[in-house]
Structures are given as C-alpha cells and as structure tokens.
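>>> Predicted coordinates and the sequence they were generated for:
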Amino acid sequence: MPTILPTWPHVLFGIIEPLSLVLGSLAPLYNLESFVADQTPHVDPPISHPSTVALAYQIGNLYSLLFMVGVAVLHTSTEPKVIRNYFIGLAIADVGHVYATYLGMGWSAFSDVGSWNALTWGNIGATAFLFFNRLAYFAGVFGSPKALKVASKKE
C-alpha cells in the first residue's frame, strides 16, 4: 500500500476516516430506527414510511462507496494532484454534509451543542474536524506529499 501522505493525514484520511465510513454504512443495517431517529435529535421521524427506509439504506450504501473510493485513491495513487483533487471534492462535500444536517435540524437544535447525540457529533463535529484537517493539508501544515520511487521495468 503506497502512500505519499505525511503521517497524520495518512492516519486520519487513510485509516480513521475509512473505518468511520464502514461504521456509518453498517449503522442502518444494525438499527434502522435509531439511525433514522438520531439524524435530527428531538424530532420523531416517520420511520415506517418506505421512502425513509430507502433513504436510510441508500445513505449507508453511499458510506460504503466513499469507503471504497477513499481506500482506492489514498492507498494506490502516487500522484499528489490526484490526492489533492480528491481532498478538494471531500472538502466541498464536508460543507454540504454539515449544511444538510443544519437544514434538517434547524438553527435552534444546530446551535444547542450540549444536546447533540453521537450521530449529530459525527455529522457535524467529526465532519468539521475532517474539513479543517483537509484545509490544513492544503496549507501545507503537515508537510508535503512524499515522492515514491516507482520501480521501472527493464526492457
């Protein structure tokens, strides 16, 4: 598994984030009702509606997709531009994810950090943490990507 990332970004984006995505993909399979209900604390969601069920499982499936894409990009690419562009896409998606959570919660619940449940902390807190670490990576706070020596084939 080649990596060109400095140590902290590799650990965070190449190990911790993919593991959290696996957990996120399993959450609706483990307890669909809790997964749906905890998306917006203090609101009773329509769990029995078929669209709610489909959307919850689709979110789990998207987490699986993000896991596979992340592992593929971060553990196989030797091109700094590919990883940078992947992180740009994720940073944009981070903002969208937090905003979507805000839209579902409303300002009152969004700003009442003390009442957040574990899923809300994941949707907002963890996503914001990843976003700011991506920005730090762009700013070079963790150092530059390492060049990997690629073995050349002799003809």
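Done, it's in. Everything numeric here is computed off the predicted structure, so don't read it as measured data.
>>> Show me which helix or strand of the chain is least confident by mean pLDDT.
helix 32-37 (a mean of 87; mean pLDDT, DSSP states H and E).
>>> Run through the neighbouring helices and strands of that helix.
helix 17-30, helix 50-76 (3 or more C-beta pairs under 8 Å, 6 or more residues apart in numbering; DSSP states H and E). Backbone N, C-alpha and C define where each C-beta goes, glycine included.
>>> Give the buried residues for the next helix or strand after the last one.
This means helix 50-76. With elements assigned by DSSP states H and E, the helix or strand that comes after helix 50-76 is helix 80-111. Neighbour counts using 16 or more other C-beta atoms under 10 Å place Ile83, Tyr86, Phe87, Leu90, Ala91, Asp94, His97, Val98, Thr101, Met105, Ala109, Phe110 of helix 80-111 among the buried residues.
>>> Repeat that for stretch 13-26.
Residues Phe13, Gly14, Glu17, Pro18, Ser20, Leu21, Gly24, Ser25 are the ones in stretch 13-26 that count as buried (16+ other C-beta under 10 Å).
>>> Local confidence estimate at the closest residue to Ala126 other than its chain neighbours?
Spatial nearest neighbour of Ala126, excluding adjacent residues (C-beta to C-beta, 6 or more residues apart in numbering): Ser20 at 6.8 Å. On pLDDT, Ser20 comes in at 95.
>>> on that earlier part again, kindly reformat the helices and strands packed on helix 32-37 as JSON lines containing distance to Asn133.
Formatted as JSON lines, these follow (distance: least, C-beta to C-beta, whole Å):
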{"stretch": "helix 17-30", "distance to Asn133": "9"}
{"stretch": "helix 50-76", "distance to Asn133": "14"}
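>>> so which of those helices gets nearest Ala128?
Proximity to Ala128, assessed across the helices and strands packed on helix 32-37 by C-beta to C-beta, is greatest for helix 17-30 (13.3 Å).
>>> Send me the closest one as PDB with only the CA atoms.
Output of helix 17-30 as PDB, limited to C-alpha atoms (Å, rounded to 0.1, in the frame of the first residue of the first chain):
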ATOM      1  CA  GLU A  17     -11.900   8.100   8.100                       C
ATOM      2  CA  PRO A  18     -12.400   4.900   6.100                       C
ATOM      3  CA  LEU A  19     -13.100   3.000   9.400                       C
ATOM      4  CA  SER A  20     -15.700   5.600  10.300                       C
ATOM      5  CA  LEU A  21     -17.300   5.200   6.900                       C
ATOM      6  CA  VAL A  22     -17.600   1.400   7.400                       C
ATOM      7  CA  LEU A  23     -19.300   2.000  10.800                       C
ATOM      8  CA  GLY A  24     -21.600   4.500   9.100                       C
ATOM      9  CA  SER A  25     -22.500   2.000   6.400                       C
ATOM     10  CA  LEU A  26     -23.400  -0.600   9.000                       C
ATOM     11  CA  ALA A  27     -25.400   1.700  11.200                       C
ATOM     12  CA  PRO A  28     -28.700   1.500   9.300                       C
ATOM     13  CA  LEU A  29     -28.300  -2.300   9.000                       C
ATOM     14  CA  TYR A  30     -27.700  -2.700  12.700                       C
END
